[in-house]
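Undergrad: Below are the sequence and a predicted model; questions follow.
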Amino acid sequence: MLVIRTAEELAYALDSPLETKLRTRLDARSKTLCDYLDEYALEELAIFIIAQPGDTLGDLNKVSPLRLVEGNRFVLEVETASQHDGWLELTFILSDDGSGLVLFVPTNPYPGADWRTACEAIGAAMQDPTSR
């Protein structure tokens, strides 16, 4: 997993050989936060996690400040979910002050069957809000 917590790590990631669609989404998220970076450090606003081949769903709990998964499901409510050309972007709100975690998951293929199960459940829940 690629975990981005600081502005320096974000700049390094954007300069690295990321897949084009992922770079576009990550850059868009960073630009959203630009106005706040004079007053706050990136780690106070957001954490970005990029799932990679070989990562397990359970690995998320090792790198996230809050427990995100249990078994094959997300236990923290997903604030937003969107699909972008082979990437699923999930946003979680971590605290009352609005800091968040943005998770990017490749979908073609998923890193593993556990990811597919959890992400498909999110998709179903987003389509049917009564199931949340």
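TA: That came through fine. Numbers count the residues shown, from 1 in each chain.

Undergrad: What segments of this protein are strands?
TA: Here the chain has its strands, by DSSP state E, at 2-4, 46-50, 69-70, 73-74, 80-84, 87-93, 100-106.

Undergrad: Same list, these, but as CSV with distance to residue 26 and mean pLDDT please.
TA: Backbone N, C-alpha and C define where each C-beta goes, glycine included. Formatted as CSV, the strands of the chain follow (distance: least, CB to CB, whole Å; pLDDT from 0 to 100):
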stretch, distance to residue 26, mean pLDDT
strand 2-4, 8, 96
strand 46-50, 7, 96
strand 69-70, 22, 93
strand 73-74, 21, 92
strand 80-84, 11, 90
strand 87-93, 9, 94
strand 100-106, 7, 95
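
Undergrad: Could you dump these into JSON lines and include mean neighbour count?
TA: Listed next are these as JSON lines, based on neighbours: other CB atoms under 10 Å:
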{"stretch": "strand 2-4", "mean neighbour count": "18"}
{"stretch": "strand 46-50", "mean neighbour count": "22"}
{"stretch": "strand 69-70", "mean neighbour count": "16"}
{"stretch": "strand 73-74", "mean neighbour count": "17"}
{"stretch": "strand 80-84", "mean neighbour count": "13"}
{"stretch": "strand 87-93", "mean neighbour count": "19"}
{"stretch": "strand 100-106", "mean neighbour count": "21"}
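
Undergrad: Looking at those, spot the one closest to residue 10.
TA: strand 2-4 (5.1 Å; CB to CB).

Undergrad: show me the contacts for the one residue sitting closest to the centre of the chain.
TA: Centroid-nearest residue in the chain, with CA atoms, centre = their mean: residue 103, separated by 0.7 Å. Contact partners of residue 103, counting by CB atoms under 8 Å, 6 or more residues apart in numbering, are 48, 49, 50, 51, 60, 68, 89, 90, 91, 92.

Undergrad: JSON lines for those residues, including distance to residue 7?
TA: Output for the contacts of residue 103, formatted as JSON lines (distance: CB to CB, whole Å):
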{"residue": "48", "distance to residue 7": "11"}
{"residue": "49", "distance to residue 7": "16"}
{"residue": "50", "distance to residue 7": "16"}
{"residue": "51", "distance to residue 7": "22"}
{"residue": "60", "distance to residue 7": "23"}
{"residue": "68", "distance to residue 7": "23"}
{"residue": "89", "distance to residue 7": "20"}
{"residue": "90", "distance to residue 7": "22"}
{"residue": "91", "distance to residue 7": "19"}
{"residue": "92", "distance to residue 7": "20"}
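
Undergrad: Good, wrapping up.
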